[in-house]
Structures are given as C-alpha cells and as structure tokens.
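Participant: how would this look folded up:
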Amino acid sequence: MSGFWLVAMIAMWLAFAPKQAGGMASYIIIIGNSMEPNFHIGDLVIVHEEANYQIGDAVVYHNLELSSSVFHRVIVQKLGRFTLQGDNNSWTDTYQPSKDEVIGKLWVHIPNGGNVIQMIRTPIAMAVIAGILGGILALGFFTSKSKGKKRMNKDWFTPVKQKIRDWFRRTEDSGPSKSSSSDQGFFWEGSFFALGLVAFSSLILGIISFSRPATRLAQNEIQYQNLGFFAYSASAPSGIYDANAIQSGDPIFPKLTCVVDMTFQYTLVAQQAGNITGTYHLTATISEQVSGWQRTVPLQDETTFSGNAVGTTAKLDLCKIEKLTQSMEQSTDFHPGSYTLTISPNIHINGNISGYKLEGAFNPGVQFKYDRVQFYLINDELQGNLLNATETGILSEPKTEANTVKILGIEFVIPALRLITIIGLLGSLAGLILLGMKLQHVSKSNPGQFIRARFGSMMIDIQNADMVDSKTTIDVSSIDNLGKLAERFNAMIFHTELGETHAYYVQGEGTTYRFVIQHQETESTVPADETKS
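Facilitator: Residues are numbered from 1 along each chain as shown. From the prediction side, this is the model:
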C-alpha cells in the first residue's frame, strides 16, 4: 500500500502543487467583476498549462500593459495571438497575448476560496494554525516516546539482533535452500508490489487521458500579403520644382497644372498561389470631415486582371475636383477651410493559396489635403511611407488533430497516452492474475514457501524453539492471525523447522504465540525455475 500512496501523493502533487514548486497548477484570486456572473471577487481559480487553447476557454494570461495576471475568456485566435474578453465586459482586451504568455486554462473554481486564503494569511490565523500544528506534533512525540519506553522494557532490540545473526547464518552456513526460499519470498512480494504499482499508475494516467477529448478543433492558418505602391507625376513650368516636373511627394498647385498621372502597383505575396484573378478601378473621393460631405469620381472603368501582380495608371483632374467643392459651397453656403482627397484602387481578388480558397479585397488609400491653394500628402508618422501600403491576410480552415496534455512539462498525445494506459492496466492485471494463480498453487504444494512469500520481510529463521521459549505459549489457528499479532506487537515472526513441521512464533507482552504446519514438501525440493527466480 505504501507504493500506491506514493503514486497517489505524486499525482496529487503534480495536480495541485504550484508551478514554482515543480507542479502544474497556478493559483489566481479574482479581484474584479469582469467575469461575473460565474466568477466573483474573492473566488479562487486553479489553472493548468495546456499545449493549446481554444476559443471559449477561460484562461489566465500575463498582461504586459497592466503588469499583472488577467483571467478572461478567449474569443478570437489569429496569427498566434489571442483576443480575450471578460464575460461581464462589452469590450475586448487591448493586449493580445501569445501562447507563451498564457499561464493556463481554468481547471478548478472554488467560490470564496481566495477570501479563505487571504484570511489564513493574517498574523492571528497563522499563529493559531502554528499553535495547533505544534500541539499535534508534541502530542505525537510524547505518545511515541511512551510507547518506545514500553517496548524497550520488553527487549525490543532482540529481533534486530536476531535478524542480523540470521542474515550471517544464512549467507555463511545455511546452504542454498533457505537462502533461495527467502529470495522466493522477496520475489513474490516485489512482483506483487511492482505490478500493483504499474496498475495504479496506469489508472492515474487513464483518469487524465480519458477525462480529456482525444481530438481537438484547431485552425490551420495560411498567411499572405497584399502590397500596394502609389505614385504620381505631372508636368510643371520650369523653375518651380527641382526636376522641372511634379514627382511623388511634391505638393500640387492646380494653378500650375490640373492633370496628374496617378499610378498604382499591386502585388500578392503568397506561397503556392494559383488561379489568381481579380478586378480593380481607381477612384478619387473628395470629402469634408466636419459635415461628412463627400463625392466620389471614378478615374477609370473596372478592369479584370489575372496573376499575382497588376499595375495601372489613370488621369486625375484636380480642376474638376475644385469645381465640385465650389459647387457645393455655392449651393449650401458652407465654406470649410480644407478638404481631403483620397485615391483608392478598389482591388477585389479571387483564387487559392496552398489549396485554400481566397476571396478578398484590398483597398488602401493615399490621402491629400486640399486647402484651396494646393494638394499635398497628409503626414502621418504612424503610417510610415505614405505612398506604400501593406496588409497581411489570413486564410483559416478548421481541422481536427490529436489532443495533447502536458505532464511534468512533457507534452503527451492523448490517443497514445490512452493506449499506454490500456496496455499498462491489462498487462499488470494479467500479471497479478498469473501471480495469484501461481501463489495459490504454491500454497497447496508448499505451505512453508507460501508463508515465506507472504511474510518473508518480517520473518527471522532460528535454529530451535528454545530461543523463543516463554512460560505461556498459545497456539493460533492460522498464519493470518499470527501475522496480525506480529503487527499488533510490532514484532518479528520467528521460524524454525521441527522435524517434519514448520513452527512460527510471535512474542508479545510475555506470551509466545505459535502456529505449526506439517512439512508436506521441503523447501529444498522447490523446482529449479522457482529457485532461480
């Protein structure tokens, strides 16, 4: 049973011990109401690290913006990062953690558990607990000391001396029969212990593996990039610009020129892209931010294309744009100080990437500010190059894959772990059945060997019964009763051969208890294969 308790304690330790101490658990006390109504302030949640996290999982992650741990639910998984939201929140978290920043998934929820822990941490509670534990330890010490004196008065050291003497006698003088018989006892005991340990360990692994689904739904993500490059040029009178022409980045004065050549180049960057087709058409939109007024002017008809790249150039008439603004002002008597001109490519694309269907749009815009005198690019420090646009797209498709679980930091596949569990259980149970059948056969053919197999670890061989002679000797009806008496008195079982019989003795409180069996088959006649084992 000690082995079973050992495995159970290890399993409990792995399940509940903090990660800092080598376990798998992390303990979080809820301090907000963002996860109500299921989780409240003062509750305790225990989370376990998982190999993967799914949409809908309640997880704890480390938020670098807040420098603290947050307990929220996963609502989106994209590009290796998670978008989370509290059950009681109408907004999503601004920080999107990666998988490595997720501490674990909800495993156990203990209502008010955090309040209890906080209460235990108070100095008064700690002092009371320390006093109770100290009292228990002191009581156990004095009790064991009292029992130790009683056993010392009854020559408790005798079994130890006899055990040492018996060991020397067996190794030097007793011959192979007794030594092999003792080895047989240890073999049976060790075999039962090992098989029982395997069975119990397999049971623990079975609980872990069969309590989780064998498969999980995952997203297979394929990334691609849309790249867009704007450029413009126009003729201009000499002496106004360095190059005697308007180039990309220069301001444009309608008094100098009305027509500008607007160019856009599109490229799709993706692996294994096929059957790519799409449409494009450049448009110019003049708008006013305060009132929301806007007009859109097509610069070209919608045109189809095929392949990963396409380029186009269209004429932009800035004088026409000016007339639109002047017409609006005359009709409405609204005279804003400036307008915004946006050039858009309106890309729509279809095809497939790595076998996944692609249907998307790419519509970046380059913006100019018009202040009634000039058109110039709007400076945006966050955007970088104002004429270049990059957009990352994702094609995702759900797939089913084998689920995994982490034990001691090692990731195991659930189906394989289930197979190991079944093999371990069936193998250990088959071994226990075979050992039981073999032991039953030994109990009938050689009772002495059977008794040694059961009680060999607490048995001492002696030369004659005089060594355990006492005034009172009581015969017991079975070896089981004698074993119980040995446990009760914390004594060894003495064994001796008296002619054709085996005699077993236990001494306790001035009385010798004896069990005798007929020597039906001497231990020296044990078959060769059993002796070797």
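Participant: so which strand or helix has the nearest residue to Gly311 once chain neighbours are set aside?
Facilitator: Among residues not flanking Gly311 along the chain, Gln265 sits closest, at 4.4 Å (C-beta to C-beta, 6 or more residues apart in numbering). Any C-beta I mention is one placed from the backbone N, CA and C, and that applies to glycine too. Secondary structure from DSSP states H and E places Gln265 in strand 259-269.
Participant: Same check on Gln449?
Facilitator: Using DSSP H and E, Gln449 maps to helix 447-455.
Participant: ditto for Lys438
Facilitator: helix 414-445.
Participant: in that helix, what counts as buried?
Facilitator: Across helix 414-445, burial judged by 16 or more other C-beta atoms under 10 Å covers Ile414, Leu417, Arg418, Thr421, Gly424, Leu425, Ser428, Gly431, Leu432, Leu435, Leu439, Val442.
Participant: That helix packs against which elements?
Facilitator: helix 176-210, strand 404-407, helix 447-455 (3 or more C-beta pairs under 8 Å, 6 or more residues apart in numbering; DSSP states H and E).
Participant: Apply 10 Å and report the result again.
Facilitator: Where contact means 3 or more C-beta pairs under 10 Å, 6 or more residues apart in numbering; DSSP states H and E, helix 414-445 is packed against helix 176-210, strand 215-235, strand 388-402, strand 404-407, strand 410-413, helix 447-455.
Participant: Could you identify which of those is most buried?
Facilitator: Highest mean neighbour count of the helices and strands packed on helix 414-445: helix 447-455, a mean of 22 (counted as mean count of other C-beta atoms under 10 Å).
Participant: starting at the chain centroid, how far to that helix?
Facilitator: With C-alpha atoms, centre = their mean, to the nearest Å as the basis, helix 447-455 stands 48 Å off its chain's centre.
Participant: From here on, call the first residue 251.
Facilitator: Taking 251 as the first residue, the last one we looked at is helix 697-705.
Participant: by contact count, what packs against that helix?
Facilitator: Here helix 697-705 touches helix 426-460, helix 664-695, strand 709-711, helix 729-739, strand 743-748, strand 751-758, strand 761-768, going by 3+ C-beta pairs under 10 Å, 6+ apart.
Participant: Same list (those) but as a markdown table, adding distance to Phe503 and mean pLDDT.
Facilitator: Shown next, in a markdown table, are those (distance: least, C-beta to C-beta, whole Å; pLDDT from 0 to 100):
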| stretch | distance to Phe503 | mean pLDDT |
| --- | --- | --- |
| helix 426-460 | 75 | 71 |
| helix 664-695 | 70 | 86 |
| strand 709-711 | 111 | 83 |
| helix 729-739 | 107 | 86 |
| strand 743-748 | 113 | 83 |
| strand 751-758 | 116 | 86 |
| strand 761-768 | 119 | 85 |
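Participant: Reformat the ones you listed as CSV; add distance to Thr590.
Facilitator: Formatted as CSV, these follow (distance: least, C-beta to C-beta, whole Å):
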stretch, distance to Thr590
helix 426-460, 61
helix 664-695, 56
strand 709-711, 98
helix 729-739, 93
strand 743-748, 100
strand 751-758, 102
strand 761-768, 105
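Participant: List just the one of the ones you listed that sits closest to Thr582.
Facilitator: Checking the helices and strands packed on helix 697-705 against Thr582 by C-beta to C-beta gives helix 664-695 as the closest, at 68.3 Å.
Participant: thinking again about what came up before, next, the contact list for the residue nearest to Gly561, please.
Facilitator: By C-beta atoms under 10 Å, 6 or more residues apart in numbering, Gln515 lies in contact with Leu477, Gly478, Phe479, Phe480, Ala481, Ala559, Val560, Gly561, Thr562, Thr563, Pro595, Asn638.
Participant: Which strand residues bridge it?
Facilitator: Beta-bridge partners recorded for Gln515 (DSSP bridges): Phe479, Gly561.
Participant: Next one: it from Ile386, what distance?
Facilitator: 81 Å (C-beta to C-beta, to the nearest Å).
Participant: Likewise for Gln327?
Facilitator: Using C-beta to C-beta, Gln327 is found at 50 Å from Ile386.
Participant: Of the two, which one has the most company?
Facilitator: Gln327 (20 against 10; other C-beta atoms under 10 Å).
Participant: chain center to the helix or strand that one falls within: distance?
Facilitator: According to DSSP H and E, Gln327 maps onto strand 318-328. In terms of C-alpha atoms, centre = their mean, the centre of strand 318-328 is set 15 Å apart from its chain centre.
Participant: ok, it: who's next to it in the sheet?
Facilitator: Partners of strand 318-328 in its sheet, by DSSP bridges: strand 308-313 (antiparallel), strand 331-335 (antiparallel).
Participant: The nearest residue to Met512 once chain neighbours are set aside bridge partners, please.
Facilitator: Spatial nearest neighbour of Met512, excluding adjacent residues (C-beta to C-beta, 6+ apart): Leu566 at 4.7 Å. Beta-bridge partners recorded for Leu566 (DSSP bridges): Val510.
Participant: Is Leu566 in contact with Ile496, as I believe?
Facilitator: No: here Leu566 lies out of contact with Ile496, judged by C-beta atoms under 10 Å, at a distance of 11.5 Å.
Participant: and for these two, which residues touch both?
Facilitator: Counting by C-beta under 10 Å, 6+ apart, the residues touching both Leu566 and Ile496 are Tyr482, Ala484, Ile502, Val510, Asp511.
Participant: how many neighbours does the last one have?
Facilitator: For Asp511, the neighbour count with other C-beta under 10 Å is 14.
Participant: returning to what we had before: could you dump the helices and strands packed on helix 664-695 into JSON lines with distance to Gly292 added?
Facilitator: Formatted as JSON lines, the helices and strands packed on helix 664-695 follow (distance: least, C-beta to C-beta, whole Å):
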{"stretch": "helix 426-460", "distance to Gly292": "30"}
{"stretch": "strand 465-485", "distance to Gly292": "33"}
{"stretch": "strand 638-652", "distance to Gly292": "38"}
{"stretch": "strand 654-657", "distance to Gly292": "29"}
{"stretch": "strand 660-663", "distance to Gly292": "34"}
{"stretch": "helix 697-705", "distance to Gly292": "54"}
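Participant: of the ones you listed, which approaches Gln580 most closely?
Facilitator: strand 465-485 (27.5 Å).
Participant: What lies in contact with the next helix-or-strand element following the closest one?
Facilitator: Sequence-wise, the next helix or strand downstream of strand 465-485 (DSSP H and E) is strand 495-496. For strand 495-496, the external contacting residues (C-beta under 10 Å, 6+ apart) are 482-488, 490, 502-503, 506-507, 510-511.
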